[in-house]
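1. Mind folding the following:
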Amino acid sequence: MDNRLPAHLEVNALIRRVNSAGGFAMVMAKGEPDAGTIMVILCHNGGNSDIYERIPNLDGTRIWEFTQRFSPEQAPELAQFLEKRRKFDSDLWIVELDIADGERFVG
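-> The predicted structure follows:
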């Protein structure tokens, strides 16, 4: 049995933590409730969108890894990227966090 917290609980906790810290968080796409992968888009006041994904490590643990950065001018490319990732992994949760120093929530 995997000791991992179900994805839906982890996403809900993440959203509550960001909201309680004065930021804004929303689920852009819901994935598989228990074992879905989580992708986080970090942005702040319309700035760059930094993509982080939690991926499995060789030892079985899961780590957050920076995947890609999109500037505000690259909004169409970001939308295409997210659409492609959802087609590849329908279990994927996509969560957007709009808060300063958002990396503290994925570390």
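
2. In this structure Asp89 contacts Glu32, no?
-> No: using Cβ atoms under 8 Å, Asp89 is not in contact with Glu32, being 9.3 Å away. Every C-beta, even on glycine, is put in place using the N, C-alpha and C of the backbone.

3. What values do phi and psi take at the residue nearest the centre of the chain?
-> Residue closest to the average C-alpha location in the chain (Cα atoms, centre = their mean): Val40, at 1.5 Å. With angles defined as degrees, to the nearest 10, Val40 sits at phi -120, psi 130.

4. That one contacts Asp98, correct?
-> No: assessed by Cβ under 8 Å, Val40 is found out of contact with Asp98, at 11.3 Å.

5. hmm, back to that, spit out the contact partners of the residue nearest to the centre of the chain.
-> Leu14, Ile51, Tyr52, Glu53, Trp64, Val95, Glu96, Leu97, Gly102, Phe105, Val106 (Cβ atoms under 8 Å, 6 or more residues apart in numbering).

6. Can you give me the distance of the second one to Pro33?
-> When distances are taken as Cβ to Cβ, to the nearest Å, Ile51 and Pro33 turn out to be 22 Å apart.

7. same deal with Phe88?
-> Plainly put, Phe88 is 19 Å away from Pro33 if you go by Cβ to Cβ.

8. which stretches of the protein have low pLDDT?
-> 1-3 (pLDDT under 70).

9. where do the helices sit along it?
-> Here the chain has its helices, by DSSP state H, at 7-20, 75-88.
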